[in-house]
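Visitor: Provide a 3D model corresponding to the input given below.
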Amino acid sequence: MRRNDEMKLGLLLAQAGAHEGAWRAPGVPANGGVDIDHYAHLTALAEGAAFHFVFLADSPCISERDYLQIARVGRNDGFEPITLLSALSSKTQNIGLVGTATTTYHQPYHLARMFASLDHLSRGRAAWNIVISEVKFEAPNFGDDELADHDARFARAREFVEVVQGLWDSWEDDAFIRDKQSGIFADPTKLHLLDHRGNHFSVRGPLNIARPPQGYPVLVQAGASDDGMQFGAEVGEVVFTAAPFLENAKRYYATLKEKARGLGREDDQVIVMPGIVPIVGRTKQEASEKLQRLQSDTHIDVEIGLAEHLLGFDVRLMDLDSLVPETLPQTNFIQSTQKLILDLAVRERFTWRQLFRWVSDSKGQLMVVGTPDEIANVMVDGFDQRAADGFNVMPAAVPGGLKDFVDLVIPELRRRGKFRSRYAGQTLRENLCLKRPLNRFELAGVSTRR
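Guide: Got it, this is the predicted structure:
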């Protein structure tokens with residue numbers, strides 16, 4: 001199947017915005033991370049503009065290493081994703097709800113049950129952003145001294161997803177009869193035990209909730225390392241990526257699609273969506289001034305803390321005005337992000353100070369500072385050149401940055417025929433043109449129950 005001419009759009013639900021200085025900006029609620037009305041307002045803006053989904057990034061730890069950084073960072077008081085998205089499901093009708101959850105520090109049964117519940121609550125709008133833990137401070141929160149090896153975390157993730165999908169298939173779609181007259185609530189011939197025994201998990205099943213409305217919630221994945229791309233090609237239906245340059249984005253897109261085709265998957269069933277940080281102004285000067293104000297509100301300790309988080313090593317002793325070297329030691333943490341950032345630093349001949357500022361501004365994503373026409377140009381160019389099937393929009397500050405995008409950029413995309421004006425279906429799968437998976441047990445004709 002070939003893709004249509006309209007791009008997909010998602011919205012990062014950030015408590016203040018993508019920029020590290022956003023929480024200090026006028027009009028941004030300082031307590032947004034724990035304010036359901038704030039998130040409901042952002043989601044309503046996105047749903048009113050026919051965005052395909054909102055998504056919540058997450059990590060079960062505080063990632064800053066010391067109190068100087070913690071004191072100035074505005075993102076350490078946010079809701080847990082499933083809890084927040086469950087609340088938002090009752091305040092929305094059409095928009096997809098993507099929650100991040102790590103395979104490293106959850107159990108498959110728990111996550112299968114939670115995402116099935118969210119899919120039922122939202123009537124088929126749930127998605128799971130599958131991640132492996134990459135932040136070293138997560139490990140001690142779960143009884144470990146340090147993260148397991150990178151390869152081992154991916155091996156666990158593969159088995160984890162397989163188990164979760166099997167649990168979602170515990171019941172056939174029409175297993176629950178709920179017939180008051182006969183007194184039969186469920187047809188036990190349509191119940192399947194998983195009985196999984198693997199290297200990492202032993203899970204009997206079945207799941208104690210009906211099969212999700214979508215069959216499976218949409219599977220989302222992000223990763224650009226060799227393991228990450230292979231995993232995305234195997235299981236990702238929506239794949240997030242950081243692609244600050246067009247040529248890199250085109251190469252990633254082509255490579256991922258080729259890997260997926262090699263596994264027998266169709267191109268339009270693997271949707272590639274790079275992040276974009278749009279700073280919109282009615283003039284270029286206005287947009288630049290918005291960025292400068294955010295930069296002036298960002299302390300160097302915050303910039304350093306974020307760089308350490310994304311690079312995976314201590315940068316505090318670096319000479320801020322020296323050039324970033326071409327080679328640095330590989331870490332056990334976010335390997336693809338580290339490579340992307342360091343490659344860019346060498347390409348642009350950044351000093352450490354310039355690199356810290358760029359990371360704070362963009363999070364390693366494509367950042368466009370300009371007029372609605374300029375931002376639309378970049379997005380349409382990336383879409384038309386097969387660098388993206390759509391974009392994850394990451395406004396620098398919210399709600400203002402999101403409203404600017406909705407009011408000024410969305411009409412420009414529609415004028416060019418590149419974005420829809422209404423929802424096409426009831427479920428997230430329908431809106432993304434993704435197929436509903438068949439039940440593996442029913443498909444195989446399995447009839448043995450115990």
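
Visitor: Under a three-state scheme, what state does the nearest residue to Ala222 once chain neighbours are set aside occupy?
Guide: The spatially closest residue to Ala222, leaving aside those adjacent along the chain, is Phe240, at 3.7 Å (Cβ to Cβ, 6 or more residues apart in numbering). C-beta here means a position set from N, CA and C on the backbone, and glycine is covered the same way. Assigned state for Phe240: strand (three-state reduction, DSSP: H, G, I helix; E, B strand; the rest coil).

Visitor: Contacts only, for Phe240.
Guide: Contact analysis of Phe240 by Cβ atoms under 8 Å, 6 or more residues apart in numbering lists Asn129, Val220, Gln221, Ala222, Met273, Pro274, Gly275, Asn392.

Visitor: How about the contacts made by Ile279?
Guide: Contacts here follow Cβ under 8 Å, 6+ apart; on that basis Ile279 touches Ala287, Lys290, Leu291, Met367, Val368, Val369, Gly370, Ala396, Gly401.

Visitor: Dump the C-alpha coordinates for the host helix or strand of it into CSV.
Guide: Here Ile279 is covered by strand 271-280, with elements defined by DSSP states H and E. Listed in CSV are the C-alpha atoms of strand 271-280, where the atom choice follows Å, rounded to 0.1, in the frame of the first residue of the first chain:
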residue,chain,number,x,y,z
ILE,A,271,5.1,5.3,10.0
VAL,A,272,8.2,7.4,10.5
MET,A,273,7.7,10.6,12.5
PRO,A,274,10.7,12.8,13.4
GLY,A,275,10.4,15.4,16.1
ILE,A,276,10.2,19.1,15.2
VAL,A,277,10.5,22.1,17.5
PRO,A,278,8.7,24.9,15.8
ILE,A,279,9.1,28.5,17.1
VAL,A,280,6.6,30.5,15.1
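
Visitor: neighbouring contacts of the helix or strand following it?
Guide: In the C-terminal direction, the helix or strand that comes right after strand 271-280 (DSSP H and E) is helix 284-296. The set of residues that contact helix 284-296 without belonging to it, under Cβ under 8 Å, 6+ apart, is 19, 21-22, 25, 279-281, 357, 360-361, 369-371, 374, 396-397.

Visitor: What's the separation between Glu6 and Gln285?
Guide: Glu6 sits at a distance of 32 Å from Gln285 (criterion: Cβ to Cβ, to the nearest Å).

Visitor: So for the two, which residue has more residues nearby?
Guide: Glu6 (18 against 11; other Cβ atoms under 10 Å).

Visitor: returning to what we had before: selecting buried members of the contacts of Ile279 in ChimeraX, what would you type?
Guide: Buried members of those, defined by 16 or more other Cβ atoms under 10 Å, are picked up in ChimeraX with:
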select :287,290,291,367,368,369,370,396,401
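
Visitor: Identify the spatial nearest neighbour of Thr102, chain neighbours not counted.
Guide: The nearest residue in space to Thr102 (Cβ to Cβ, 6+ apart) is Ser133, at 4.7 Å.

Visitor: Quick check: which ranges of the stretch 351-450 of the chain have low pLDDT?
Guide: Within the stretch 351-450 of the chain, the stretches falling below the threshold (pLDDT under 70) are 446-450.

Visitor: just the strands in it please.
Guide: Under the criterion DSSP state E, counting those that start in this stretch, strands of the stretch 351-450 of the chain are mapped to 366-370, 390-393.

Visitor: Let me see the contact set for Val135.
Guide: Residues in contact with Val135, defined by Cβ under 8 Å, 6+ apart, are Ser59, Cys61, Ser63, His309, Phe333.

Visitor: Spell out the secondary structure type for the second one.
Guide: Under the three-state scheme (three-state DSSP), the conformation of Cys61 reads as coil.

Visitor: Tell me how many other residues surround Gly281.
Guide: Other residues near Gly281 come to 20 when the count uses other Cβ under 10 Å.

Visitor: I figured it was touching Glu374, is that so?
Guide: No. Using Cβ atoms under 8 Å as the test, Gly281 is too far from Glu374 to be in contact (9.4 Å).

Visitor: So what are the sheet partners of the strand holding Ile279 and their directions?
Guide: Applying DSSP bridges to the sheet, strand 271-280 is found paired with strand 238-241 (parallel), strand 366-370 (parallel), strand 390-393 (parallel).

Visitor: Rounded mean pLDDT for it, please.
Guide: Taken as a whole, strand 271-280 has an average pLDDT of 98.

Visitor: what are the ranges of the helices in the stretch 201-350 of the chain?
Guide: In order along the chain, the stretch 201-350 of the chain carries the following helices (DSSP state H, counting those that start in this stretch): 226-235, 246-262, 284-296, 300-311, 335-348.

Visitor: closest one to Asp407 among those?
Guide: Of all the helices of the stretch 201-350 of the chain, helix 284-296 sits nearest to Asp407, with 14.0 Å by Cβ to Cβ.

Visitor: Just the C-alpha atoms of the closest one, please, in PDB.
Guide: Output for helix 284-296, consisting of C-alpha atoms alone and laid out as PDB, is shown next (Å, rounded to 0.1, in the frame of the first residue of the first chain):
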ATOM      1  CA  LYS A 284      11.500  35.900  11.300                       C
ATOM      2  CA  GLN A 285      12.600  38.500  13.800                       C
ATOM      3  CA  GLU A 286       9.600  37.800  16.000                       C
ATOM      4  CA  ALA A 287      10.400  34.100  16.100                       C
ATOM      5  CA  SER A 288      14.000  34.800  16.900                       C
ATOM      6  CA  GLU A 289      13.100  37.000  19.800                       C
ATOM      7  CA  LYS A 290      10.900  34.300  21.200                       C
ATOM      8  CA  LEU A 291      13.800  31.900  21.200                       C
ATOM      9  CA  GLN A 292      16.100  34.500  22.700                       C
ATOM     10  CA  ARG A 293      13.700  35.100  25.600                       C
ATOM     11  CA  LEU A 294      13.600  31.300  26.300                       C
ATOM     12  CA  GLN A 295      17.400  31.200  26.200                       C
ATOM     13  CA  SER A 296      17.800  34.100  28.600                       C
END
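
Visitor: what distance separates that helix from the centre of its chain?
Guide: In terms of Cα atoms, centre = their mean, to the nearest Å, the gap separating the centre of helix 284-296 from the centre of its chain is 27 Å.

Visitor: re the thing from before, out of the contacts of Val135, what pair is the most spread apart?
Guide: Pairwise distances across those peak at 12.3 Å for Cys61 and Phe333 (criterion: Cβ to Cβ).

Visitor: hang on, the earlier thing: let's see if you can find the most crowded of the contacts of Val135.
Guide: Counting by other Cβ under 10 Å, His309 has the largest number of neighbours within the contacts of Val135, with 22 neighbours.
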